[in-house]
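Colleague: Provided below for reference: sequence and predicted model.
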Amino acid sequence: QGLVSLKRSPDSQDENPCFLYLRGDPNGGEEIVSIGILSSARNMEVYLGEEYCGTSRGKNVCSDLDNSEHEIIFYKKYLQLESSSHACKIKLLSFGEKPCVFLSRVVVHMRQVSASSSTSSPALGSRIDLQRVQTIMESMGSKLSPGAQQLMDMVRFQQQ
């Protein structure tokens, strides 16, 4: 079976979610590109530092019995990171915030990063792709506030 059980402290009264921290060797030249998890938590949220990166809603793929013969439903979740990173924090979420999360499999896809191709932090003086920003805003159905539009115009002028 090979399940890992993550349990809340018995004396804990709060409903804190379960966190899983992944960290690669910052000097190893590799970064996390995507994450796949098979667990009893239905959803996962991924954070790079304290910054929210994305949510993956799990698909029910199988079930198993725990030691006390209770059925455990497993959900497969996968998230491709927009920008690769040496470390991330994963919040495992289940309905009713059960006191225990069962982990069956964690798959972390890494990629080799050269010093010149690191995407985790843009180089000072690099250009902002304003067309991409505009496209993202339109795809979300959002309109820029007058202040944001003024900022976009200033950046566009500076980049000319």
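Modeller: Sure, I can see it. Numbering: from 1, shown residues only.

Colleague: okay, which residue is most central for the protein?
Modeller: residue 46 (2.1 Å; Cα atoms, centre = their mean).

Colleague: for the helix or strand hosting that one, packing partners?
Modeller: If you go by DSSP states H and E, residue 46 is part of strand 43-48. Strand 43-48 sits against strand 30-39, strand 51-57, strand 71-85, strand 87-93, with contacts defined as 3 or more Cβ pairs under 8 Å, 6 or more residues apart in numbering; DSSP states H and E. (Glycine included, C-beta is placed from N, CA and C.)

Colleague: contacts for the helix or strand that comes right after the second one?
Modeller: It stands for strand 51-57. Sequence order places strand 59-65 as the next helix or strand after strand 51-57, per DSSP H and E. By Cβ atoms under 8 Å, 6 or more residues apart in numbering, the residues outside strand 59-65 that reach it are 1, 3, 38, 71-77, 104.

Colleague: To residue 129, which of the helices and strands packed on strand 43-48 lies closest?
Modeller: With Cβ to Cβ as the criterion, residue 129 lies closest to strand 71-85 of the helices and strands packed on strand 43-48, at 13.4 Å.
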